[in-house]
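with the input below, show me the fold.
(4 chains)
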Protein chains: 2
Amino acid sequence: MNKRTTIKDIAAQAGVSTGTVDRVIHDRGRVSVEVKEKVLQVMQDLNFEPNLIASTLAFNRILTMGVLMPALHSDPYWDQPLLGMRRAQRAVKHYGVVLGEQMFDLFNPQDFQNKALELIAQKPDALVFPPIFLKESLLILDHCAEAQIPTILINTDVEHPQVMSYIGQDSYQSGVLAGKLLQFAMDGPGAILLLNLDKETANAKHLMDKERGLRHYFSQNKLINFPIHRQDVEEFDAPEFLKAQLYNLFQQYKNIKAVFVSNSRAYKLVEALEGHPFDQLRILGFDLIPNNLKFLQMGKVDFLINQNANYQGYSAIKNLTDYFIFKKQLPRVQHLPLDIVVAENAAYYTKRELGN
Amino acid sequence: MNKRTTIKDIAAQAGVSTGTVDRVIHDRGRVSVEVKEKVLQVMQDLNFEPNLIASTLAFNRILTMGVLMPALHSDPYWDQPLLGMRRAQRAVKHYGVVLGEQMFDLFNPQDFQNKALELIAQKPDALVFPPIFLKESLLILDHCAEAQIPTILINTDVEHPQVMSYIGQDSYQSGVLAGKLLQFAMDGPGAILLLNLDKETANAKHLMDKERGLRHYFSQNKLINFPIHRQDVEEFDAPEFLKAQLYNLFQQYKNIKAVFVSNSRAYKLVEALEGHPFDQLRILGFDLIPNNLKFLQMGKVDFLINQNANYQGYSAIKNLTDYFIFKKQLPRVQHLPLDIVVAENAAYYTKRELGN
DNA sequence: TTTGATTGTGTGTGCGCACACGCAGTGAAA
DNA sequence: TTTCACTGCGTGTGCGCACACACAATCAAA
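Below you'll find the model as predicted:
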């Protein structure tokens, strides 16, 4: 095997020293124009690719990636991206990548902001977070811009010049996909209940996008006998209350044949319906969290759309490593696959998604 | 940040030289028992993890991974694993990984064997291939055992002591999954046509596994009004012949409502039915090859099950790198996800699967 | 003209590890 | 006793690159 060309080869061929080649490569200046041209030419000719192994070894620097996430174990969904990030860190620790983690209270915008500023004060080389609270997130991004910290968003996208890359689902398209699946599952026309089990639903852009997608599917395909009734429930943690709400709805709209739960809380719906005769109800939810999977296997939930929460986190750290170590440019938007999960193919995704 | 412990630290702490530490780490002998114990103890205490970057740099060796695949462009399915391997090679080339490719004629067992032996004669550090021809594959594996070449199989598994790892689909389960999806799509009972568009179907274990899985789904769930009629067609490349066969079948079994095409050739079925009134026919096939995707978008194919052909190849090379560079143990069997692909979520998989 | 700052280039060291080599000590065979 | 193989250990070099430093040349300001 013909060994790879090194900066030494370049130097010899160009009639200069390796120091000069180094200066050209890193554009450190202090090189005459003619020599620079010459060196670049030789690099082209010899098809030079720097040895990244040697490079990182010599660089000998620790890359701290700031990570701002909801506190572990406060919500089954939000554990996954963080675990994914830690998994990625283990995979790339040889490059000197470490995580600087800050946890915040999932329901406290002020805490979110405070922890973010603490994190930025530590001057990490990059920052990753889900912009759960829009207003505060924009402020944080301003701070990042000032401190020159490249930032990756996960789960929800936000328009801001400082955002280097967004990694997450395409909410709108996941709604469209849900429409298709529900139609398949429903055996003919009927009403669909769109259930938002979340707080401040009105401010949650991704939930609205999903709704638009769902409605689009049926209108686009001229499926007129599939009315969609939307209901927001903020007290989703109160089973009795939720149950009462649901019974009202089923009274009001007699022909509801399916429920679309717009986030990872489909299991709350199933729990609220426990022991009652809604066997004919088709249920579609999101995300492979343990309770959802349980009901999927029991046949109480028909479909789960996997938003790859774990992989979102994994991907964020991997991408930053590529950016810093391998000098790769990152795409502004990286939509992850919307995996359709049924009982028969759940095992594979579970293994991947819950992969410690 | 407290820097990582190095062999120098170990040496100092144990009161020996780095050379001795090195000998202990690599078990090269020439170390007294007491010193060895001492060094191991210190390594434990200081929680030593070798710097793999420095290690690979100093190791300075080229790892050649022998790759035996069907000739490029002889079949759209078989291009994908090879492209995946090349993609992986690009990702890990910094570790000195190169591919030694050998192509064989997809329909010629003798050529398969010859090319394999050529490849082995070049003494690669590892070998990857799909055991398309069983008898010849066993022979090749014997040769690998003799030459001490660790081997990874993709696409189809074979029992042989020399097989280090199998990466591919779970054929049986993909049949089960297909049953579920067809039932969803069918709007009530009806017959299913199981179509094997392949040569030597009887020897293809994975096709038989799929059939077993499909039948299992319906019997398991006590769905008795879903008879399954199987038909093998070897001359799948002759559209007129295929069409005639199909018309016969539809005559014979009036109530066929869905077709299960057991491999990547669903598009051949659609082409044969072109322009004829089978709009009500539900079709499920495998793999994201361009023609299948085209018909999926047109609504002529309802489901594709993605067997992640590209990722199979990618994964094989990545795994071998992990094995050689990072000293990871590989699991004997790695089943990849069975992605359910419909028109509404195809884009993401296409991007990933056809990823050059 | 002298001084100082700036530019252009080469040399040297170190990143952490792998591996070759050297050298003293030991014990057995000649 | 000499020879020699072998054991147990230390030293030195190189992998390819990043970066600090040295030093001569140049040019402008005093």
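
could you look up the SS state of the residue in the stretch 201-350 of chain A that DNA strand D sits nearest to?
Distance from DNA strand D to each residue of the stretch 201-350 of chain A (Cβ to the nearest atom of the strand) is smallest for residue A:327, at 9.6 Å. (Each C-beta comes from the backbone N, C-alpha and C, glycine too.) Of the three states, residue A:327 takes coil according to DSSP: H, G, I helix; E, B strand; the rest coil.

check which helix or strand covers whichever residue of the stretch 1-150 of chain A sits closest to DNA strand C.
Taking Cβ to the nearest atom of the strand, DNA strand C has its nearest neighbour within the stretch 1-150 of chain A at residue A:19, 2.7 Å off. Residue A:19 belongs to helix A:18-25 when assigned by DSSP states H and E.

report the buried residues of that helix.
Applying a neighbour-count criterion of 16 or more other Cβ atoms under 10 Å in any protein chain shown, one finds A:20-21, A:23-25 buried in helix A:18-25.

specify which member of these is nearest to chain B.
Nearest to chain B among the buried residues of helix A:18-25, counting by Cβ to the nearest Cβ, is residue A:25 at 16.4 Å.

list the contacts for the closest one?
Contact partners of residue A:25, counting by Cβ atoms under 8 Å, 6 or more residues apart in numbering or on different chains, are A:7, A:43, A:50.

which of these fall in helices?
Secondary structure from DSSP state H places A:7, A:43 of these in helices.

so which of the contacts of residue A:25 are also by DNA strand D?
When contact is defined as Cβ under 7 Å from any atom of the strand, those meet DNA strand D at A:7, A:50.

which residues in the stretch 101-250 of chain A form helices?
Under the criterion DSSP state H, counting those that start in this stretch, the stretch 101-250 of chain A contains helices at A:109-121, A:134-147, A:171-186, A:205-220, A:239-252.

do the stretch 251-356 of chain A as well
Counting by DSSP H, counting those that start in this stretch, the helices of the stretch 251-356 of chain A are A:266-273, A:290-297, A:309-325, A:346-353.

any idea how far the first one is from the chain center?
Yep, that's helix A:266-273 we're talking about. Chain-centre distance of helix A:266-273: 25 Å, with Cα atoms, centre = their mean, to the nearest Å.

which strands and helices sit next to that helix?
Judged by 3 or more Cβ pairs under 8 Å, 6 or more residues apart in numbering or on different chains; DSSP states H and E, helix A:266-273 is in contact with helix A:239-252, strand A:282-286, helix A:290-297.

and the ones you listed: which comes nearest chain B?
Evaluated over the helices and strands packed on helix A:266-273, closeness to chain B peaks at strand A:282-286, with 10.0 Å, by Cβ to the nearest Cβ.

pLDDT on that closest one, on average?
Computed over strand A:282-286, the mean pLDDT rounds to 97.

likewise stretch A:126-141?
Mean predicted lDDT for stretch A:126-141 stands at 94.

what's the answer for stretch A:251-261, then?
pLDDT averaged over stretch A:251-261 gives 94.

for stretch A:22-31, same thing?
93.

ok, residue A:157 - contacts?
A:131, A:163, A:166, A:168, A:333.

no wait, residue A:249
Applying Cβ under 8 Å, 6+ apart, the residues near residue A:249 are A:193, A:229, A:231, A:256.

which of those residues sit farthest apart?
A:231 and A:256 (10.5 Å; Cβ to Cβ).

any idea how far the residue lying closest to residue A:344 once chain neighbours are set aside is from residue A:347?
Spatially, and ignoring its direct neighbours in sequence, residue A:344 is nearest to residue B:177 (4.2 Å; Cβ to Cβ, 6 or more residues apart in numbering or on different chains). To residue A:347, residue B:177 is 11 Å away according to Cβ to Cβ, to the nearest Å.

tally of neighbours for the closest residue to residue A:259 other than its chain neighbours?
Closest residue in space to residue A:259, ignoring its immediate chain neighbours: residue A:193 at 4.6 Å, by Cβ to Cβ, 6+ apart. Residues lying near residue A:193 (other Cβ atoms under 10 Å in any protein chain shown) number 22.

what pairs with residue A:193 across the strands?
residue A:229, residue A:259 (DSSP bridges).

what does chain A have sitting close to DNA strand C?
Chain A comes close to DNA strand C at residues A:15-20, A:23, A:29-32, A:34-35, A:54, A:57-58, A:60, as judged by Cβ under 7 Å from any atom of the strand.

just the contacts of residue A:157 now: which is nearest residue A:281?
Taking Cβ to Cβ as the measure, residue A:281 lies nearest residue A:168 of the contacts of residue A:157, at 29.2 Å.

and the closest one, what does it touch?
Per Cβ under 8 Å, 6+ apart, neighbours of residue A:168: A:153-157, A:307, A:312, A:334-336.

then residue A:95?
A:56, A:63, A:321, A:325, B:53.

lowest-confidence member of those residues, which is it?
For the contacts of residue A:95, the weakest pLDDT value sits at residue A:325, with 90.

do you know how far that residue is from residue B:346?
33 Å.

do residue A:340 as well
Computed as Cβ to Cβ, the residue A:340 to residue B:346 distance reads 11 Å.

settle it for me: which of these two has more neighbours?
Higher neighbour count among residue A:340 and residue B:346: residue A:340, with 24 against 20, using other Cβ under 10 Å.

so what's the more buried one bridging to?
Assessed by DSSP bridges, residue A:340 has beta-bridge partners residue A:305.

for the closest residue to residue A:250 other than its chain neighbours, grab the count of nearby residues.
Nearest residue to residue A:250, sequence neighbours excluded (Cβ to Cβ, 6+ apart): residue A:256, at 6.0 Å. Look at residue A:256: counted by other Cβ under 10 Å, it has 20 neighbours.

wait, residue A:256 touches residue A:229, no?
Yes: using Cβ atoms under 8 Å, residue A:256 makes contact with residue A:229 at a distance of 7.2 Å.

between these two, which contacts overlap?
Joint contacts of residue A:256 and residue A:229 (Cβ under 8 Å, 6+ apart) are A:191-193, A:249.

those: which two are farthest apart?
Of all the pairs that those form, the one spanning the most space (Cβ to Cβ) is A:192 and A:249, at 11.6 Å.

let me see the contact set for residue A:329.
Residues in contact with residue A:329 (Cβ under 8 Å, 6+ apart) are residue A:323.

and the pLDDT for it?
pLDDT, residue A:329: 92.

distance check, residue A:203 against residue A:113.
16 Å.

who has more neighbours, these two?
Ranked by neighbour count (other Cβ under 10 Å), residue A:203 and residue A:113 place residue A:113 first, with 18 against 13.

how about low-confidence regions in the stretch 1-150 of chain A?
Residues of the stretch 1-150 of chain A that meet the criterion pLDDT under 70 lie in A:1-2.

one more time with 50
Applying pLDDT under 50 to the stretch 1-150 of chain A flags residues A:1.

right, and chain B sits closest to which residue of the stretch 151-300 of chain A?
Relative to chain B, the nearest point of the stretch 151-300 of chain A is residue A:177 (4.2 Å; Cβ to the nearest Cβ).

the nearest residue to residue A:17 once chain neighbours are set aside: what secondary structure?
Leaving aside its sequence neighbours, residue A:17 sits nearest to residue A:11 (Cβ to Cβ, 6+ apart; 5.7 Å). Following three-state DSSP, residue A:11 is assigned to helix.

and residue A:11, how far from residue A:188?
75 Å.

neighbour count winner among these two?
residue A:11 (18 against 10).

so who does the more buried one touch?
Neighbouring residues of residue A:11 by Cβ under 8 Å, 6+ apart: A:17-18, A:20-21.
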